[in-house]
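Chemist: Build me a structure from this.
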Amino acid sequence: MSGLNLVLWVFLPYVSVTIFVVGHIWRYRHDQFGWTSRSTQLLESRLLRWGNPLFHYGALAAIGGHILGLLIPEQLTAAIGISESTYHVIAISAGTVAWVAVIAGLLILLYRRVMSPRVRATTTPVDLLTYALLFVVIALGIWETFGINTLGTPYNYRTTVSVWFRGLFIFQPQPQLMASAPLIFQLHIITAFLLFALWPFSRLVHAWSIPLSYLGRAQILYRSYRGAASRPRSRTDPGRPDIRVETLDE
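Modeler: Below you'll find the model as predicted:
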């Protein structure tokens, strides 16, 4: 086993995951005010209304497909009666829908960021690098889905890539499996781990800020000064303004 394969398929994954975890902890402790997507909705909302849900829902579907494909062994799906050909059809069908949504949403968001001067002014170098890595990861995934598994000779990545990936969790990586995989799969894995290493330092951190507290959040109180001037005031009580209660539905 060459030193390059050890670096790519053993060293890189563990370093990337370490940066991913430690980077999130560091940023949460030292940059909580920056823990945000830095929304630009107030600057432009028409394109965002279309691109944002397409990209996010498509990405969630694609991530779910990767989790199933990488973590669930081939023997398990065969044991419940799903043959490799059936699994292939399901993966291609679901993957097509996910990738179409992701690429459509990403193109809309990229167009919006380039064509809107106000949105473009908020773009940072980290944003540009994040977009570039996202585009490469998505393009390689589409190439795998259509260029190899649909138009070309299908490659059963669950016998190599998936086995290697699960081995990382039990600290028994098998770099020779990734070394035998097609180049397109290798590039896809490398760029994905580079994206993971960049994640904590980009606006992607907002993925972990699910506003579950909103479900039980107290009502918001707004104070109005209507009629306050007609009320008597004292040194201790300058007058209580009207209070209007706004619920989350307003």
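
Chemist: residues of the longest helix that the chain contains that come out buried?
Modeler: Counting by DSSP state H, the longest helix found in the chain is helix 84-115. For helix 84-115, the neighbour count (16 or more other C-beta atoms under 10 Å) marks 87, 91, 95, 98-99, 101-103, 105-106, 108-109, 112-113 as buried. Every C-beta, even on glycine, is put in place using the N, C-alpha and C of the backbone.

Chemist: and it, what other elements does it pack with?
Modeler: Counting contacts by 3 or more C-beta pairs under 8 Å, 6 or more residues apart in numbering; DSSP states H and E, helix 84-115 is packed against helix 46-71, helix 74-79, helix 117-121, helix 125-142.

Chemist: To Phe169, which of those helices lies closest?
Modeler: helix 46-71 (8.9 Å; C-beta to C-beta).

Chemist: The closest one versus helix 125-142: what angle between them?
Modeler: 60 degrees (axes from the mean of the first three to the mean of the last three C-alpha atoms, to 10 degrees).

Chemist: between helix 46-71 and helix 84-115, how many degrees?
Modeler: Going by the same axes, to 10 degrees, helix 46-71 makes 150 degrees with helix 84-115.

Chemist: by contact count, what packs against helix 46-71?
Modeler: helix 84-115, helix 161-169.

Chemist: what's the burial count for Ser209?
Modeler: Ser209 has 10 neighbours, counted by other C-beta atoms under 10 Å.

Chemist: do Gly65 as well
Modeler: With other C-beta under 10 Å as criterion, Gly65 counts 19.

Chemist: how far away is it from Trp50?
Modeler: 23 Å (C-beta to C-beta, to the nearest Å).

Chemist: what's the answer for Ala62, then?
Modeler: Distance from Ala62 to Trp50, by C-beta to C-beta: 18 Å.
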